[in-house]
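[1] Provided below for reference: sequence and predicted model.
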Amino acid sequence: MARFILEGLGVALVTPFKADKTIDFDALGRLVEFQIGAGADFLVVLGTTGETPTLSRDEQQQIRDFISETVAGRLPLVLGLGGNNTAAVISDMLHLDLSGFSAILSVVPHYNKPSQEGIYQHYAAIASASPLPLILYNVPGRTGVNMTADTCLRLARDFSNIIGVKEASGNFVQIEEIIKNKPLHFEVISGDDGITYPLMTLGAKGVISVIGNAFPKEFGKMVRMCLAGDFKGALPLHFQFTELFNLLFVDGNPAGVKCTLNALGMIENELRLPLVPTRLSTNEKIHAICDNLRKA
């Protein structure tokens, strides 16, 4: 397998459900083919956007197998694999069939609220055991604890198989410090669609995207223009999605993007509790924006 390059448009895939809340594999297959056809650079499987906490272990295995078989090596796959029990994460990593995957995305431990040394030791243990390159994921709004620039850079320098970080802290000073001081093998990508453009002007190499589920061609074009240094040309594309960025998250993720995909006729607007669909007012606004984008 070729070395995985962490850059460009990565799409954090949703998990489509039917009205009875079972997994809609037909819709998932169509979504995967849509991403490949639109030129996504890689796909993230079983991340937050995939409602992974609501899936049983058997369902997670079914999704891993299905996507791996559907993609069949046509683009890289990144597996979301993290948790707040370090030993359990390592056990899963060593016992799962990872043959179709190019890297692992592992979130900062949630709920436990470890110290910075605890975060470092957690990732050090995972990196030492991992059969695949590892991408750190810092999202303090969900985990309850921020991984500082010092901790991130320490991990990047100490482990050559830690190849990057998905940064969703929204702290530009922190992210800029990581970009400025990172080793060559390590890259920073955005974990938030709305700040992807400004982060790429600072040197970030791409995004793991939610909006990319629905608009991979258009959002991917903006990312590629930024990678080429054409920030002036990319800015209008960023502005085109500004209102939708906000609407996607006002009622939680992935409620917004599932509403958007439903408006585009790609999936049913179904989530599993405790997540629920967007409010009617949000739904109407998203449908109106989708109509305008399709006419553009």
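    Cool, got the structure.

[2] quick one: secondary structure of Ala87?
    Here Ala87 is helix, with the state taken from DSSP: H, G, I helix; E, B strand; the rest coil.

[3] That one: neighbour count?
    9 (other CB atoms under 10 Å). Every residue, glycine included, has its C-beta placed from N, CA and C.

[4] From Phe249, how far out is it?
    Noted for Ala87: a distance of 33 Å to Phe249, by CB to CB, to the nearest Å.

[5] ok, now Lys258?
    Distance from Lys258 to Phe249, by CB to CB: 12 Å.

[6] do the same with Gly8
    22 Å.

[7] Which of Lys258 and Phe249 has more residues huddled nearby?
    Higher neighbour count among Lys258 and Phe249: Lys258, with 29 against 16, using other CB under 10 Å.

[8] While we're on Cys290, how confident is the model there?
    Looking at Cys290, its pLDDT stands at 86.

[9] so it touches Leu261, yeah?
    No - using CB atoms under 8 Å as the test, Cys290 is too far from Leu261 to be in contact (9.4 Å).

[10] neighbour-wise, which of those two wins?
    The neighbour count for Cys290 versus Leu261, taken as other CB under 10 Å, is higher for Leu261 (23 against 20).

[11] Distance check, the nearest residue to that one once chain neighbours are set aside against Ile5.
    Of all residues not flanking Leu261 in the chain, Ile267 sits nearest, at 4.6 Å (CB to CB, 6 or more residues apart in numbering). According to CB to CB, Ile267 and Ile5 sit 29 Å apart.

[12] ok, now Gly100?
    Gly100 is 17 Å from Ile5, by CB to CB.

[13] Comparing those two, which shows the higher neighbour count?
    Taking neighbours as other CB under 10 Å, Gly100 and Ile5 compare with Gly100 leading, 19 against 16.
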